[in-house]
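Novice: Return a 3D structure for these sequence lines:
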Amino acid sequence: MYIQKIKMKFLVFIIFCLSIIACGSHSDSSFDDDINSSRAQTVMITSDTIYITASGENMSEMKFDKKVIRVPANKAITIALINKSSDATMPHNLVIIKKGSANQVGQGGCKYKENAYVNPTDTNVIAHSPLVQIGETEYFSFITPSIGTYEFICSYPGHWSLMKGEFITEKS
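Specialist: Okay, here's the model as predicted:
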């Protein structure tokens with residue numbers, strides 16, 4: 001019961017933050033990634049919790065186990081981010097962002113260690129997880145944005161250029 005109250009308060013907070021973010025600017029830069037590769041793994045939400053694994057023992061191996069995440073638009077979901085790395089330099093997070101803003105969000109978050117390397121005033125950020133240490137799992141909940149194509153990245157310094165994918169919201 002106590003955990004449900006905390007989740008509800010967090011969800012209300014996220015909705016409030018999303019309403020503020022929705023009024024922000026929009027970046028329309030191109031998204032140059034190998035997401036359209038036929039080998040890219042896609043997950044379609046079938047429950048209210050999506051499990052995503054971050055792995056890799058060094059900078060060249062780090063990755064998410066999903067390249068594309070498809071979810072219903074305007075729906076409350078929870079993402080469980082699992083960090084399967086074993087190297088102490090491999091904490092990860094998952095940040096849902098407006099398409100084309102990975103560079104800005106990744107570089108802009110470097111000063112915000114206390115906020116999981118996410119600038120709390122960045123209007124390109126839709127939602128983000130806490131920083132997940134090696135061998136741990138963190139959950140975060142939010143309301144998915146309106147129908148469209150967004151991105152997800154790990155904004156830990158130096159990770160965002162390799163750890164990324166598409167976050168697609170669709171009609172329910």
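Novice: What helices and strands are in contact with the helix or strand harbouring residue 70?
Specialist: Assigned by DSSP states H and E, residue 70 belongs to strand 68-72. Contacts defined by 3 or more CB pairs under 8 Å, 6 or more residues apart in numbering; DSSP states H and E place strand 68-72 against strand 42-44, strand 49-55, strand 164-170. Glycine gets a C-beta too; all of them are placed from N, C-alpha and C.
Novice: from those, which stretch is densest packed?
Specialist: Highest mean neighbour count among the helices and strands packed on strand 68-72 (mean count of other CB atoms under 10 Å): strand 164-170, with a mean of 21.
Novice: then that strand to PDB, C-alphas only?
Specialist: Extracted as PDB, the C-alpha positions of strand 164-170 are listed here (Å, rounded to 0.1, in the frame of the first residue of the first chain):
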ATOM      1  CA  LYS A 164      20.600   4.800 -28.000                       C
ATOM      2  CA  GLY A 165      17.500   3.700 -29.800                       C
ATOM      3  CA  GLU A 166      14.000   4.700 -31.000                       C
ATOM      4  CA  PHE A 167      11.000   5.200 -28.700                       C
ATOM      5  CA  ILE A 168       7.900   5.000 -30.800                       C
ATOM      6  CA  THR A 169       4.400   5.900 -29.400                       C
ATOM      7  CA  GLU A 170       1.400   4.600 -31.300                       C
END
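Novice: tell me which strands and helices it is in contact with?
Specialist: strand 68-72, strand 148-153.
Novice: lowest-confidence stretch among the helices and strands packed on strand 68-72?
Specialist: Sorting the helices and strands packed on strand 68-72 by mean pLDDT places strand 42-44 lowest, at a mean of 46.
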